[in-house]
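Engineer: show me the folded form of this:
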Amino acid sequence: MVFSKSCCSFFRLCLIIVSFVAFQCNADGNQTSTLVVNAGSAGRPIPNTLFGISLEEVNRAGTGGIWSELVSNRGFEAGGTQVPSNFDPWAIVGTEADIHVVTELSSSFERNKVALRIDVLCDNCPVDGVGISNPGFKGMNIVQGKQYKVALNYRSSGPQDMTISFRDAKSGGILGSSQIIKRNKKVAKWKKMETIITASASSSNASLTLRTTKKGTIWLDQVSAMPQDTYKGHGFRSDLVEMIMQLKPAFFRFPGGNFLRGGALMNAFRWKDTVGPQEQRPGHFNDVWNYWTDEGFGYYEGLQLAEDIGATPVWVINNGLSETDSVDTSAISPFVQEALDSIEFARGPSTSKWGAIRASMGHPEPFVLKYIALGSNNCGMKNYLGNYLAFHKAIRQSYPDIQIISNCDAHEKPLDHPADLYEYKNYPKDDARAMFNLGVNFDKSPRNGPKAFVSEYALIGDKQAKFGTILAGVAEAGFLIGLERNSDHVAMASYAPLLVNANDRNWSPDAIVFDSDQSYGTPSYWTQVLFKESNGATFINSQLQTPDPGMLAASAILCKNPQNNDTHLKIKIANLGNNQVNLKISLQGYVSKNLAGSTKTVLASQNILDENSFTEPKKIAPQQSPLQNPGNEMNVIIPPISLTVLDIF
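Structural biologist: I've put the predicted structure just below:
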């Protein structure tokens with residue numbers, strides 16, 4: 001039989017399709033794969049900085065998140081300086097006949113002039129009083145028996161009294177109160193008042209109210225409410241810090257991100273506005289993520305948090321560029337000086353100008369600061385290179401030990417400017433396999449240039465990642481195994497974003513989800529937990545033979561117990577396939593000390609799009625069990641869409 005060229009092409013195409021389908025069927029069926037671990041050969045040290053965290057002011061991560069301030073828009077500045085302005089989310093308690101509330105530029109604080117004026121009009125006010133109420137960040141969490149410090153600044157036109165209380169937002173029931181102002185004459189000059197309220201009842205949806213029954217005018221500014229049981233007493237929300245501590249992060253990158261540079265330069269993060277007394281910080285509009293921040297979580301707090309969790313700070317500084325603005329290199333010197341001043345604030349002696357301000361805030365000893373990133377998401381923008389070189393020269397001359405990080409990706413093409421590290425960011429959208437295999441990007445990266453800092457990564461998208469699926473967590477596990485394999489070149493890596501207030505999402509997915517009183521980790525969070533012992537471990541050569549290397553990845557490391565210096569073997573296997581894998585493991589040159597104590601930990605779920613939630617916070621979480629029949633030759637079943645960790649002692 002004779003076929004035309006077109007027919008031959010058609011049949012050839014059919015054969016290709018049939019072969020592809022057959023391969024896919026084989027790949028999706030139960031596989032047998034082999035992993036040979038060469039534990040007897042010399043390993044390679046993994047940097048002790050490999051895995052850390054990155055926090056940006058997005059999703060209310062700082063304001064209304066890890067920073068424990070309960071009052072939203074504490075200084076009434078969020079509505080802007082054109083007064084009268086709105087003072088959301090504050091609400092008026094009382095009718096128009098009883099009370100009139102408006103903002104004025106009458107504050108005693110030079111850097112935030114907006115204050116709130118309350119005119120009480122009623123001669124016979126309601127028994128419960130009139131005033132204002134603040135819901136916090138979609139509800140305050142007030143717990144019976146716990147103490148809360150309330151502070152405010154005020155003045156009045158005549159005799160005045162005011163009661164402050166926490167109330168349940170729905171029932172109005174009082175959860176704790178204090179009479180904070182009781183004067184028989186006017187208070188002409190601004191006065192600061194503080195009180196401690198012990199909660200007599202609990203509510204996760206509470207508000208702070210200030211009420212009076214006395215006619216007259218009172219001015220308020222910088223109203224704050226802070227729980228007294230913050231982490232180490234430093235103002236951080238304990239449950240969120242404790243979840244971060246489970247990651248054992250080697251470094252802490254802050255403050256971003258797009259938040260750092262701003263949509264417009266006038267709304268960029270400027271560190272000098274975030275230090276000093278809380279009530280004297282002007283705050284600014286976070287125009288990238290569209291909310292106001294009072295800067296309670298500022299530069300000092302970031303350094304303090306890094307110290308509290310035992311992580312090295314990675315300080316990201318503004319380099320004169322925003323999404324829409326670009327300072328010419330000829331005029332960049334004030335920004336360069338601001339960067340140098342920030343280093344002095346962190347590292348300078350308490351006798352230096354900026355070191356003295358740090359000391360006045362409660363930290364006379366210098367912080368550790370070794371890494372500085374020059375800008376964020378700016379590579380290729382106008383003036384980036386010229387500005388970068390100006391910063392680099394000044395910092396290198398004054399602080400030659402600091403590691404300087406470039407925005408520009410150099411995993412394929414060398415940089416055209418000096419740097420100690422370069423940033424690599426990647427957010428594959430609805431492509432789990434692409435996420436799983438991103439690590440190969442570094443397989444051929446030059447080893448004689450700056451190291452890679454994977455500052456942001458995650459699988460995103462409404463179809464596969466959603467708010468945080470097991471599929472996303474496993475896809476990212478494959479990527480992290482790739483980073484371990486390339487850890488002679490990749491020095492640091494951090495998932496992003498770290499935190500999200502479930503009531504104020506700007507970006508999904510995220511590692512840790514919270515609201516006013518509870519929190520949970522997504523599968524991506526638990527993936528990071530299972531990689532935490534990689535920092536400072538020894539990477540062991542291993543060979544994986546599998547029908548589909550793009551769907552199965554494995555690594556082996558030797559971990560040291562810091563308490564007794566004993567080492568054990570840790571093998572991680574990520575399976576992105578839809579079916580289980582029968583993995584034959586051969587350990588060569590490994591001598592066990594306690595083989596019977598070996599364990600198997602699995603992160604998996606029944607449905608690839610399963611997520612955790614407040615009702616099921618650990619629906620998807622690592623499950624540990626004894627490793628069955630451990631030995632130098634083992635057969636281990638690897639579940640579909642899973643991360644499996646074998647600890648062999």
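Engineer: buried stuff in stretch 363-375?
Structural biologist: 363, 366-367, 369-375 (16 or more other CB atoms under 10 Å). Heads up, the C-betas are built off the backbone N, CA and C, glycines and all.
Engineer: tell me the mean pLDDT over that stretch?
Structural biologist: Average pLDDT, stretch 363-375: 98.
Engineer: for that stretch, measure first residue to last.
Structural biologist: 27 Å (CA to CA, to the nearest Å).
Engineer: now do it: distance to the chain's middle.
Structural biologist: Distance of stretch 363-375 from its chain centroid, counting by CA atoms, centre = their mean, to the nearest Å, is 18 Å.
Engineer: include secondary structure when you put the buried residues of stretch 363-375 into TSV, please.
Structural biologist: As requested, the buried residues of stretch 363-375 are arranged in TSV below (DSSP: H, G, I helix; E, B strand; the rest coil):
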residue	secondary structure
363	coil
366	coil
367	coil
369	coil
370	coil
371	strand
372	strand
373	strand
374	strand
375	coil
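Engineer: if we go by neighbour counts, what in stretch 101-121 is buried?
Structural biologist: 101, 103-104, 107-109, 112-118, 120-121.
Engineer: now flag whichever of those is closest to residue 402.
Structural biologist: residue 112 (32.7 Å; CB to CB).
Engineer: can you give me the strands in the stretch 501-649 of the chain?
Structural biologist: 512-514, 519-521, 538-540, 542-545, 552-560, 567-575, 581-588, 599-603, 623-626, 633-638, 642-648 (DSSP state E, counting those that start in this stretch).
Engineer: contacts for the second one next, please.
Structural biologist: Strand 519-521 is contacted by residues 239-240, 243, 511-514, 529, 612-614, 617-618, 621 when judged by CB atoms under 8 Å, 6 or more residues apart in numbering.
Engineer: kindly recompute the last result at 10 Å.
Structural biologist: 65, 237, 239-240, 242-243, 246-247, 468, 473, 499, 501-502, 510-514, 527-529, 611-621 (CB atoms under 10 Å, 6 or more residues apart in numbering).
Engineer: just the CA trace of stretch 396-415, in CSV.
Structural biologist: Output of stretch 396-415 as CSV, limited to C-alpha atoms (Å, rounded to 0.1, in the frame of the first residue of the first chain):
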residue,chain,number,x,y,z
ARG,A,396,31.3,49.0,50.7
GLN,A,397,33.6,51.9,51.8
SER,A,398,32.0,52.3,55.2
TYR,A,399,31.0,48.7,56.0
PRO,A,400,33.1,46.3,53.9
ASP,A,401,31.8,43.2,55.7
ILE,A,402,28.1,43.7,54.7
GLN,A,403,26.8,41.4,52.0
ILE,A,404,25.1,43.5,49.3
ILE,A,405,22.2,42.0,47.3
SER,A,406,21.3,43.0,43.8
ASN,A,407,17.7,43.0,42.4
CYS,A,408,18.9,41.5,39.1
ASP,A,409,18.6,37.8,38.3
ALA,A,410,21.9,36.3,37.4
HIS,A,411,21.2,32.6,37.3
GLU,A,412,21.8,32.5,33.5
LYS,A,413,23.4,35.8,32.5
PRO,A,414,26.2,37.3,34.7
LEU,A,415,25.6,40.7,36.3
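Engineer: which residues belonging to that stretch are considered buried?
Structural biologist: Quick answer for stretch 396-415 (16+ other CB under 10 Å): 399, 402-411.
Engineer: residues contacting the residue lying closest to residue 319 once chain neighbours are set aside?
Structural biologist: Of all residues not flanking residue 319 in the chain, residue 375 sits nearest, at 3.6 Å (CB to CB, 6 or more residues apart in numbering). Residue 375 makes contact with 260-261, 316-322, 335, 381, 384, 387-388, 391, 405-407, 423, according to CB under 10 Å, 6+ apart.
Engineer: of those, buried ones?
Structural biologist: Buried among these by 16+ other CB under 10 Å: 260-261, 316-322, 335, 381, 384, 387-388, 391, 405-407, 423.
Engineer: keep only those of those that are in helices.
Structural biologist: 260-261, 335, 384, 387-388, 391 (DSSP state H).
Engineer: dump those residues into TSV; add pLDDT and distance to residue 629 as well.
Structural biologist: Converted to TSV, these look like this (pLDDT from 0 to 100; distance: CB to CB, whole Å):
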residue	pLDDT	distance to residue 629
260	97	52
261	95	55
335	98	62
384	97	57
387	98	60
388	98	56
391	98	58
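Engineer: report the buried residues of the helix or strand harbouring residue 207.
Structural biologist: Secondary-structure assignment from DSSP states H and E places residue 207 in strand 203-212. For strand 203-212, the neighbour count (16+ other CB under 10 Å) marks 203, 205-212 as buried.
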